[in-house]
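[1] Got a predicted structure here, sequence first:
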Amino acid sequence: VSSFRPHAGPVNAVACCPLQPSLFASCGSDGTLRVQSFRQADPVLRLEPAAAYLYAVAWSPVRALVLAAGGAEGAVLLYDLASDHD
């Protein structure tokens, strides 16, 4: 796939998953965090954790499917996508 469904505003960060090479995450000024696969145009997962901008996203280098996002409100949000807990 060469294009993906866009954010509703500027994309502020993109990070490739070091343990799942087909996945990457992006965050933007629309307050969404998206997990994408290079194999499909639609997001694998779309989260709306913030009302304000998200500026940073990073994957864990040692735990697959764990990622963090940082936003304008000063919060760091941690997600374990393999967990079924809220």
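    Nice, I can see it.

[2] Surely residue 51 touches residue 31?
    Yes. In this structure, residue 51 is within contact of residue 31 by C-beta atoms under 8 Å, at 5.9 Å. In short, each C-beta sits where N, CA and C put it, glycine included.

[3] Looking at the two, which one has more neighbours?
    residue 31 (20 against 9; other C-beta atoms under 10 Å).

[4] Can you name the helix or strand that the more buried one falls in?
    Per DSSP states H and E, residue 31 falls between elements, in no helix or strand.

[5] roughly how far apart are it and residue 78?
    Using C-beta to C-beta, to the nearest Å, residue 31 is found at 17 Å from residue 78.

[6] for residue 15, same thing?
    Taking C-beta to C-beta as the measure, residue 15 falls 14 Å from residue 78.

[7] Pull up the overlap in contacts between the two.
    Counting by C-beta atoms under 8 Å, 6 or more residues apart in numbering, the common neighbours of residue 15 and residue 78 are residue 67.

[8] These two: who's more crowded?
    Legend: neighbour count by other C-beta under 10 Å for residue 15 and residue 78, higher for residue 15 (17 against 9).
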